[in-house]
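**Student:** coords please:
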Amino acid sequence: MEQEKIEVLNNLNQQHEMLFEQIKIVEQQINEISVFDKELDALENNKDNEILAPLGKSVFAFMKPNIAEKFFVDVGAGYFVRKNINETKRVAAEQKHRLESFKAQLSDEIQNVAVALEELII
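**Tutor:** Below is the predicted model:
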C-alpha cells in the first residue's frame, strides 16, 4: 500500500512539474507576442526610421520598411498570408488570446494536481 502511494505521489509530482514547465513556455510566448505588438506600434509610428531586420542566423541588416505593403504572416502549418499592419495585429491578438486561454487551462490542471497531492499527503 505504501509503495503504491509513493508511486502515485511521484507521478503527480512529475505531472505538476511538467505542467509548470508548460506554463513557463506559454508565458514566454505571451510575452513575445506583447513585445511584437509594441514593435508593430513603433514601426507604425516611426514610418521613416530604419529598423534592424534579421536576415538569417545571427545576420541583421538596417532596412527602411514600407508599412503600406503587406506583411507575410505565418498562420500555421507552414502557410503564410499577406496582411496589412492592422490585420497582423489582430492575428497576434488572437494568438495571445488562445495562449492565455491555454495558460488558464494549465493553471486549472496544476490546481487539480496540487489538490490530489494534498489529499494523498494528509
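**Student:** residue ranges with poor pLDDT in this structure?
**Tutor:** 1 (pLDDT under 70).
**Student:** for the protein, what spans make up the helices?
**Tutor:** Secondary structure of the chain (DSSP state H): helices at 2-45, 85-121.
**Student:** helices or strands up against the first one?
**Tutor:** Packing partners of helix 2-45 (3 or more C-beta pairs under 8 Å, 6 or more residues apart in numbering; DSSP states H and E): helix 85-121. C-beta: built from backbone N, CA, C; applies to glycine.
**Student:** if you count neighbours, what's buried in the helix it packs on?
**Tutor:** With burial defined by 16 or more other C-beta atoms under 10 Å, the residues of helix 85-121 counted as buried are 85, 88-89, 91-92, 95-96, 99, 103, 106, 109-110, 113, 116-117.
**Student:** need the residues that contact stretch 62-78.
**Tutor:** The contact list for stretch 62-78 (C-beta atoms under 8 Å, 6 or more residues apart in numbering) reads 43-44, 47-53, 80-85, 87-88, 91.
**Student:** so the residue minimising distance to the centre of the chain versus Ile6, what's the distance?
**Tutor:** Central residue check for the chain by C-alpha atoms, centre = their mean: the C-alpha nearest the mean position is that of Gln29, 2.1 Å away. The spacing between Gln29 and Ile6, counted by C-beta to C-beta, to the nearest Å, is 35 Å.
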